[in-house]
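1. For reference, the sequence and a predicted model appear below.
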Amino acid sequence: MSKLSELQKLTTIVADTGEIEEIKKYTPTDATTNPSLIFKAAGLPEYQFLIQDAVEYGKKTGKTKEEQLSLILDKVFVNFGIEILKIVPGRVSTEVDARLSFDVAASVEKAHSLIGLYEKAGIDRKRILIKLASTWEGIKAAEILEREGIHCNMTLMFSLAQAIGCADAGATLISPFVGRIFDWYKKAEGRDSYPAAEDPGVLSVTEIYNYYKKMGIKTQVMGASFRNSGEILELAGCDLLTIAPPLLQELENAEGDVPQKLDAEKAKALDIAPIKIDENAFRWKLCDDAMAIEKLMEGIRNFAKDIVKLEKILEQAM
């Protein structure tokens with residue numbers, strides 16, 4: 001049996017890509033996208049029909065050029081999501097504009113727009129996860145959306161404080177980033193690598209997972225942003241893992257047993273104290289964690305840059 005098949009016995013596998021053809025090669029339950037992945041896919045010839053459809057929709061529906069561009073952008077994200085849902089049996093995650101990461105009302109409005117487009121296409125909102133940055137404002141937006149039956153995937157997560165805030169908001173799912181934590185510590189500590197069990201990103205997700213299971217939190221944990229297959233295998237047993245196609249291929253080609261590393265029952269026996277997170281505690285704990293605050297802000301900036309690049313492509317197609 002391949003290691004991918006063995007891993008699927010322990011963990012729900014999610015494809016981390018916007019490229020539909022790549023998803024077809026594997027059998028993931030869900031798929032996740034983000035602005036950077038969509039920007040990459042939007043430049044490929046085989047997906048131009050999705051871009052053109054979005055441009056036609058925006059030009060027909062929007063009144064001003066600014067409104068048209070906003071509608072086109074939303075429709076591009078949804079068009080990719082719809083195509084992905086033709087392949088995966090579960091859910092697709094679609095991200096709110098990173099430039100809205102500090103605006104609760106605007107994030108909620110954007111989520112409504114995305115869900116509205118999906119529902120207009122006949123897609124049940126239960127199959128959609130709205131991705132929001134794990135800022136305090138993103139968490140508050142998720143709290144509102146979850147009460148409305150719009151499920152949220154909290155992304156750009158680098159700390160336990162963010163995870164607890166998201167759980168308190170009732171978020172459906174969180175995506176703690178393994179590889180970007182690894183990147184930060186590798187640079188900060190001047191190291192080339194870490195044994196998988198000592199990888200700082202793996203340790204962060206393990207801490208969050210154990211806290212959630214100890215406290216009986218229903219929010220699901222989905223490890224994300226992997227740099228190597230060792231990180232993935234060290235998190236076998238996590239609720240979900242979202243994996244990019246090259247690493248899915250590596251796991252598919254490798255044979256061997258995959259031992260379970262994360263275990264909800266074992267976590268319940270751990271000596272972990274509950275932590276109270278209000279806005280003040282959240283902002284301080286994030287500020288006090290150089291890695292978490294730096295990677296959160298960097299992630300927001302980089303996603304925003306790719307949205308701007310995508311907008312330029314769309315403007316040229318208008």
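-> Looks like it came in fine. All values reported here derive from a predicted model rather than from experimental measurement. Residues are numbered from 1 along each chain as shown.
2. So what's the residue count around W184?
-> Per other C-beta atoms under 10 Å, the neighbour tally for W184 reads 20. Bear in mind the C-beta positions are built from the backbone N, C-alpha and C, glycine included.
3. so it makes contact with M291?
-> Yes - contact criterion C-beta atoms under 8 Å: W184 and M291 qualify, at 4.6 Å.
4. what sits against I232?
-> 7, 223, 226, 241, 243, 247, 251 (C-beta atoms under 8 Å, 6 or more residues apart in numbering).
5. Throw those into CSV and include secondary structure, thanks.
-> Formatted as CSV, the contacts of I232 follow (DSSP: H, G, I helix; E, B strand; the rest coil):
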residue, secondary structure
L7, helix
G223, strand
F226, coil
L241, strand
I243, strand
L247, helix
L251, helix
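6. Of those residues, which pair is most distant in space?
-> G223 and L251 (13.7 Å; C-beta to C-beta).
7. Pick out whichever of those two has more residues nearby.
-> Neighbour count, other C-beta under 10 Å: between G223 and L251, G223 has more, with 32 against 22.
8. Spatially nearest residue to E143 (excluding sequence neighbours)?
-> A169 (3.9 Å; C-beta to C-beta, 6 or more residues apart in numbering).
9. Surely the one you found touches I139?
-> Yes - proximity of A169 to I139 meets the contact threshold set by C-beta under 8 Å, at 4.9 Å.
10. Which of these two has more residues huddled nearby?
-> I139 (25 against 22).
11. In which helix or strand does that one reside?
-> helix 136-147 (DSSP states H and E).
12. Kindly format the C-alpha coordinates of the very next helix or strand once past that helix as CSV.
-> Per DSSP H and E, the first helix or strand lying C-terminal to helix 136-147 is strand 152-157. Output of strand 152-157 as CSV, limited to C-alpha atoms (Å, rounded to 0.1, in the frame of the first residue of the first chain):
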residue,chain,number,x,y,z
CYS,A,152,-15.5,29.0,8.0
ASN,A,153,-11.9,27.8,7.5
MET,A,154,-9.5,29.9,9.6
THR,A,155,-6.3,30.3,7.7
LEU,A,156,-2.9,31.9,8.3
MET,A,157,-2.7,30.4,11.8
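13. Note down every partner strand of strand 152-157 and its orientation.
-> Here strand 152-157 is paired, per DSSP bridges, with strand 128-133 (parallel), strand 173-176 (parallel).
14. Rounded mean pLDDT for the helix or strand following it, please.
-> Next along the chain after strand 152-157, taking DSSP H and E as the criterion, comes helix 160-168. In this model, helix 160-168 has a mean pLDDT of 98.
15. Quick one: work out the angle between helix 160-168 and strand 128-133.
-> If you take axes from the mean of the first three to the mean of the last three C-alpha atoms, to 10 degrees, helix 160-168 sits at 140 degrees to strand 128-133.
16. just checking, what packs against helix 160-168?
-> With contacts defined as 3 or more C-beta pairs under 8 Å, 6 or more residues apart in numbering; DSSP states H and E, helix 160-168 has these neighbours: helix 136-147, strand 152-157, strand 173-176, helix 200-215, helix 279-287, helix 290-317.
17. And these: which comes nearest A269?
-> Of those, nearest to A269 by C-beta to C-beta is helix 200-215, at 8.4 Å.
18. Which pLDDT does the model give the residue lying closest to G138 once chain neighbours are set aside?
-> Among residues not flanking G138 along the chain, L132 sits closest, at 4.0 Å (C-beta to C-beta, 6+ apart). pLDDT, L132: 98.
19. Can you tell me how far L132 is from L100?
-> Applying C-beta to C-beta, to the nearest Å, the value for L132 to L100 is 9 Å.
20. same thing with K213?
-> Counting by C-beta to C-beta, the gap from K213 to L100 is 32 Å.
21. still on that earlier bit, could the helices and strands packed on helix 160-168 go into CSV alongside distance to D74?
-> Converted to CSV, the helices and strands packed on helix 160-168 look like this (distance: least, C-beta to C-beta, whole Å):
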stretch, distance to D74
helix 136-147, 16
strand 152-157, 17
strand 173-176, 21
helix 200-215, 31
helix 279-287, 29
helix 290-317, 11
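22. so which of the ones you listed gets nearest A188?
-> helix 290-317 (7.4 Å).
23. Next, the angle helix 136-147 makes with that closest one.
-> Using the same axes, to 10 degrees, helix 290-317 lies at 70 degrees relative to helix 136-147.
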